[in-house]
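S.K.: Give me the fold of what follows.
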Amino acid sequence: MSHLIIKYMDVILVFNGLGNQMSQYAFYLAKKRWNENVKCIFATNSYNPHNGSELERIFGISYEKSLTTRFLTLIYGYKSRPKIWKVLKFLLRIREIRESYNYDYDESKLKSCSKYCITFYWGGWHSEKYYTDIVEMLKKTYSFTLPYNPINQPFIDSIKTTQSVSLHIRRGDYLKYKEYGEVTTIDYYRRAIGYIRERINNPVFYIFSNDINWCRNNFNGDEYYFIDNNSRQDAWQDMLLMSMCKHHINANSTFSWWAAWLSENNGIIIVPKRFILNTMTKDIYPEKWIKL
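M.R.: The predicted model follows:
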């Protein structure tokens, strides 16, 4: 009976903040090249503490609104009700595939899971290796066309005319999770700043953070600018400004990952060796990025 409703359908779940949503949608676009029977839905019952579905608002990306996608969204919504979910899994031959904890690239995930009627894909899918065939498509898809707040114009002008370095420091929610919060230490940032200064004349550091007061207390000097005017619904404008910078010092964050990846400046990009504390994450960063 389930085959009459949906036959061998792979479903990419989109959730979490902007950076994660961009990776998940990119994975969906890559997977479509292998398998036409793939859908993408926003998983409203997953962990979404940020600003909700952002891709449509920021990039004009519209999720398919069909009976099929509505059905899939409804079905996945029952996952929070274990007894009903168990019955649905049996009747509809549902499987959920989860990405490995260390984000290792797995080419097989791009292919169809044809043994099951419905396969939900839950993960971040942050490895650039998934997107190598659609780079130009992604650059076009993730182009910022929304008008930005005029308060950002002086920063944009300065970024374009200096040896600008975006410096992303993520604290806030990361302080609750040791495996993320203890990766990018103050020592990491000092070494990264030193690396830049050894190679770039007169660098100017533009600091982006969800804890800007902490940043002001730890970085002093005329070469530091603190960007504190983009928050909540306007947080995407931080990514826009970061992508304009000539060089980048990233946090272990998909937000700065995409900002650096979208940059057209071909500058130095520094990232922490690990994305997760005590976990080897060999595929999450492009090979040419500098790992400290």
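S.K.: going forward, measure contacts and count neighbours with C-alpha atoms only.
M.R.: Fine.
S.K.: what's the first-to-last distance across stretch 81-99?
M.R.: This stretch, stretch 81-99, spans 22 Å end to end (C-alpha to C-alpha, to the nearest Å).
S.K.: quick one: buried residues of that stretch?
M.R.: 85, 88-89, 92-95, 99 (16 or more other C-alpha atoms under 10 Å).
S.K.: go on, stretch 60-74?
M.R.: Buried residues in stretch 60-74, counted by 16+ other C-alpha under 10 Å: 69, 72-73.
S.K.: could you redo those residues as TSV and give each row secondary structure and pLDDT?
M.R.: Converted to TSV, the buried residues of stretch 60-74 look like this (DSSP: H, G, I helix; E, B strand; the rest coil; pLDDT from 0 to 100):
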residue	secondary structure	pLDDT
69	helix	89
72	helix	92
73	helix	90
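S.K.: With distance to residue 134 added, can I get those in a markdown table?
M.R.: Listed next are those as a markdown table, based on distance: C-alpha to C-alpha, whole Å:
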| residue | distance to residue 134 |
| --- | --- |
| 69 | 24 |
| 72 | 26 |
| 73 | 27 |
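S.K.: can you tell me which of the buried residues of stretch 81-99 are in strands?
M.R.: 94-95 (DSSP state E).
S.K.: Nearest to residue 283 among the buried residues of stretch 81-99?
M.R.: Nearest to residue 283 among the buried residues of stretch 81-99, counting by C-alpha to C-alpha, is residue 99 at 12.6 Å.
S.K.: how much space between the spatially closest residue to the closest one that is not a sequence neighbour and residue 269?
M.R.: In space, and not counting its chain neighbours, residue 99 is closest to residue 123: 4.9 Å by C-alpha to C-alpha, 6 or more residues apart in numbering. For residue 123, the distance to residue 269 equals 25 Å [C-alpha to C-alpha].
S.K.: out of the two, which sits in the more crowded spot?
M.R.: residue 269 (23 against 20; other C-alpha atoms under 10 Å).
S.K.: Is it possible to get the buried residues of stretch 81-99 out as CSV so that each row also shows pLDDT?
M.R.: As requested, those are arranged in CSV below (pLDDT from 0 to 100):
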residue, pLDDT
85, 91
88, 91
89, 90
92, 88
93, 88
94, 91
95, 90
99, 94
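S.K.: where are the low-confidence patches of the stretch 51-200 of the chain?
M.R.: Scanning the stretch 51-200 of the chain with the threshold set as pLDDT under 70 gives 51, 113-115.
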